[in-house]
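Visitor: Predicted coordinates and the sequence they were generated for:
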Amino acid sequence: MRLPVMFRQAKVLRTVAAFSFTLIAGSALAATPEQLTGWKAEALKGDLQSQNYLGYIYANGDGVTKDLAEASKWYLLAAKQGNATAQNYLAYLYSTGQGVKRDLAESAKWYREAANQNLASAQYALGLAYQNGDGVTADATEGARWLEKAALQNYAPAQDSLALAYYSGKGVSKSLRLAGEWWRRAAEQGLEAAQFNYAVLLANGEGVRKDIAEAVSWYQRAGEKGVVVAYYNLAVLYGNGEGVEKDPAESVKYYRLAAELGHSGAQYQLGALYAMG
């Protein structure tokens, strides 16, 4: 029995829009009117640090009332000066329509500006934009090119997406070996979707040497991070004795974990097992 494969096109984890605008630890004290006036005066004179800081505090509500429209104004000034971080955040705001009117073409433009400065998260976002045709003409090959740039900088979400491209042959020549290599790299950095996908390859011997014990380890890590189907696959392994010693109690344990987290297949299997006694 082959294990169910849950590779995502864009569903399990897609981190391009996961920015929280947290640039530094901790929270600032409420800014005094005099401080704000001073920072804004410097920012309007072209001081890049002041522009970025104002963008940050308004985006996070750090010491001021949160105001993404105000944040976008200051990030735009910094972005126009060529600051990659500001360009990246501005692109995110345009992609989500927060603080500005949603404009995918404008988002892609700013992601490109930051990506051309070798900012990995922007390269990743631009790669996804080309894959999905968001603000640019869809071009899977160009998408894979940008994903690879970010992946080579050890950016785990890009490694995960590049692995999927190699697994499916989207924009690159299909290669299960390279899919396994990139998923392994992302998995080792703790990205749960990659941990699950790498476990699937290990369990089925796709592009990698089949290693059920190693697959079990990665499934467990992914499950602990909320990838529910990882628990389901563990239940299948232990229930069928596939590469591990058959253990009905262990199988039921993992079916129950998956069922309690809403996995319908696990709920069905668990009910069937209880009905059978």
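Guide: Structure received.
Visitor: what are the ranges of the helices in the stretch 51-200 of the chain?
Guide: For the stretch 51-200 of the chain, the helices defined by DSSP state H, counting those that start in this stretch occupy 68-80, 84-96, 104-115, 120-132, 140-151, 156-168, 176-188, 192-204.
Visitor: okay, those in TSV with mean pLDDT, distance to E242 and mean neighbour count next?
Guide: From N, CA and C alone the C-beta is placed, and that goes for glycine too. Written out in TSV, the entries for those read as follows (pLDDT from 0 to 100; distance: least, CB to CB, whole Å; neighbours: other CB atoms under 10 Å):
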stretch	mean pLDDT	distance to E242	mean neighbour count
helix 68-80	97	50	21
helix 84-96	96	42	24
helix 104-115	98	43	22
helix 120-132	97	34	26
helix 140-151	98	31	22
helix 156-168	96	21	26
helix 176-188	97	19	21
helix 192-204	94	8	26
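Visitor: Can you check which of these gets nearest to Y231?
Guide: With CB to CB, the closest approach to Y231 among these belongs to helix 192-204: 10.4 Å.
Visitor: I'd like the next helix or strand past that closest one.
Guide: Downstream of helix 192-204, the next assigned helix or strand under DSSP states H and E is helix 212-224.
Visitor: Contacts only, for G226.
Guide: E192, L261 (CB atoms under 8 Å, 6 or more residues apart in numbering).
Visitor: try it again with 7 Å
Guide: If a contact means CB atoms under 7 Å, 6 or more residues apart in numbering, then G226 has E192 as its contacts.
Visitor: ok, now how distant is it from A84?
Guide: In this structure, G226 lies at 31 Å from A84, with CB to CB, to the nearest Å as the measure.
Visitor: on that earlier part again, ok, which of the helices of the stretch 51-200 of the chain comes nearest G46?
Guide: Closest approach to G46 among the helices of the stretch 51-200 of the chain (CB to CB): helix 68-80, 8.0 Å.
Visitor: Which strands or helices does that closest one pack on?
Guide: In this structure, helix 68-80 packs against helix 48-60, helix 84-96, with contacts taken as 3 or more CB pairs under 7 Å, 6 or more residues apart in numbering; DSSP states H and E.
Visitor: can I get the ones you listed in JSON lines with distance to D160?
Guide: What follows is the helices and strands packed on helix 68-80, written out as JSON lines (distance: least, CB to CB, whole Å):
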{"stretch": "helix 48-60", "distance to D160": "26"}
{"stretch": "helix 84-96", "distance to D160": "19"}
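Visitor: Tell me which of the ones you listed sits nearest to S107.
Guide: Evaluated with CB to CB, those place helix 84-96 nearest to S107, the distance being 3.8 Å.
Visitor: distance between the closest one and the chain's centre?
Guide: Taking CA atoms, centre = their mean, to the nearest Å, one finds the center of helix 84-96 at 16 Å from the center of the full chain.
Visitor: tell me the angle that helix makes with helix 120-132.
Guide: Regarding helix 84-96 and helix 120-132, their directions subtend 30 degrees when assessed with axes from the mean of the first three to the mean of the last three CA atoms, to 10 degrees.
Visitor: Can you tell me which helices and strands helix 84-96 packs against?
Guide: Using 3+ CB pairs under 7 Å, 6+ apart: helix 84-96 touches helix 48-60, helix 68-80, helix 104-115, helix 120-132.
Visitor: Give me the contact list for that helix.
Guide: Under the contact criterion CB under 7 Å, 6+ apart, helix 84-96 has outside partners 17, 19, 21, 52, 55, 68, 72, 75-76, 78-79, 99-100, 102-104, 106-107, 110-111, 113-114, 117, 119, 121-122, 125.
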